[in-house]
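Q: My questions are about this predicted structure, shown below with the sequence.
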Amino acid sequence: MAKAPQFRVALLQLPAAQTGQDRLALAEQAVREAAAKCGPRTLLCVLPELFASAYFCQTMDPAGFALAEPIPGPTTQRLGQLCAELQVALVASLFECTAPGLYYNTAVVFDVDGSIAGKYQKSHIPCDPQYEEKFYFAPGDTGFAAFDTAVARVGVLICWDQWYPEAARLTAMQGAEIIVYPTAIGGIDSEPPSEWQRQREAWQTVQRGHAIANGVFVATVNRAGREPGPNGGIAFWGHSFCAGPQGEWLAQLGESPETAIVTCDRERAQEVRQWWPFWRDRRVDLFGPLTQRFGPVAK
């Protein structure tokens, strides 16, 4: 079946977690509201990273492992039923347990019939002040992939993966029409607001570069607002966005919780790849050294 000339993506910028909040119900409501504005089988919804709970990685606490669950599991069953009811595709980042002592930060891609089209485990795991993810997550074993849904062929990367052009390239090489990045990023009070702005602008710039270099749509969905934690917690800065294949802004959200629905034009993406034939001119015969950590260093 020929693909429609356009598809839509909903950026569901949820609020930072608060005590006693039913995060799954909050996400379901956001998906329902977005679906009500679009026709069936036309919408891809994207939730923030680890949306179902507070961002527990602010501290190294073994109690946090109690939040993990298998995939398939209770949350994927509930989200799959929601997708089937509304006939939407969905990307949801979850805390996955695959075996005792083995945990991943995993994004699940649901198709419009509620089935799981695929999953991606976060490859690059950060260790920064109040982002203690190496304590909780193993580096992913899935490799880079794109998954077919009735809406689009979706590539998924997660948060810290955003800084690595190799990850975006390898995902795009799997035929992704859009690369989505569920994200949980913000500022901590030990850094001045000027540094927050520099980091936020760098964060947007590098991902717009991935869109340009690969001729794909890029959608990044973050939390918004301050979440309790040590040293004042994290002020998640929101600013979720969608960029087109020339890096053009298709949507920019602010610092408050909100949803944006963006139309992605397949024909435009194809035209951009014809005007800017980066794929044709790649010197794959010269790229072998990318598998090295660094070097060689001149002596």
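A: Done, it's in.

Q: Mind listing what's buried along the longest helix along the chain?
A: Longest among the helix segments of the chain by residue count, using DSSP state H, is helix 193-214. Buried residues in helix 193-214, counted by 16 or more other CB atoms under 10 Å: Arg200, Trp203, Gln204, Gln207, Arg208, His210, Ala211, Ile212, Ala213, Asn214. All C-beta spots, glycine's among them, are computed from the backbone N, C-alpha and C.

Q: Could you list every helix and strand in contact with that helix?
A: Contacts defined by 3 or more CB pairs under 8 Å, 6 or more residues apart in numbering; DSSP states H and E place helix 193-214 against helix 165-172, strand 178-182, strand 186-187, strand 217-221, strand 234-237, strand 241-243.

Q: Which one, of the ones you listed, ends up nearest to Leu102?
A: strand 178-182 (20.9 Å; CB to CB).

Q: Any stretches of the stretch 51-200 of the chain with poor pLDDT?
A: By pLDDT under 70, the stretch 51-200 of the chain has no low-scoring segment.

Q: Can you add distance to Ala224 and give the buried residues of helix 193-214 back as a markdown table?
A: As requested, these are arranged in a markdown table below (distance: CB to CB, whole Å):
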| residue | distance to Ala224 |
| --- | --- |
| Arg200 | 12 |
| Trp203 | 14 |
| Gln204 | 15 |
| Gln207 | 17 |
| Arg208 | 20 |
| His210 | 22 |
| Ala211 | 22 |
| Ile212 | 26 |
| Ala213 | 28 |
| Asn214 | 27 |
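
Q: Would you point out the most distant pair within those?
A: Among the buried residues of helix 193-214, Arg200 and Asn214 lie farthest apart (CB to CB), at 22.2 Å.

Q: Against Glu271, how distant is the nearest residue to Thr220 once chain neighbours are set aside?
A: Nearest non-adjacent residue to Thr220, counting by CB to CB, 6 or more residues apart in numbering: Tyr181, 4.4 Å away. Counting by CB to CB, to the nearest Å, the gap from Tyr181 to Glu271 is 24 Å.

Q: who's more crowded, those two?
A: For Tyr181 versus Glu271, the count of surrounding residues by other CB atoms under 10 Å is larger for Tyr181: 30 against 13.

Q: need the contact list for the more buried one.
A: Applying CB atoms under 8 Å, 6 or more residues apart in numbering to Tyr181 gives the contacts Val156, Leu157, Ile158, Cys159, Asp161, Gln162, Gln207, Val218, Ala219, Thr220, Val221.

Q: between the residues you listed, which is closest to Asn105?
A: Using CB to CB, the contacts of Tyr181 come closest to Asn105 at Ile158, 5.9 Å.

Q: That concludes my questions; thank you for your assistance.
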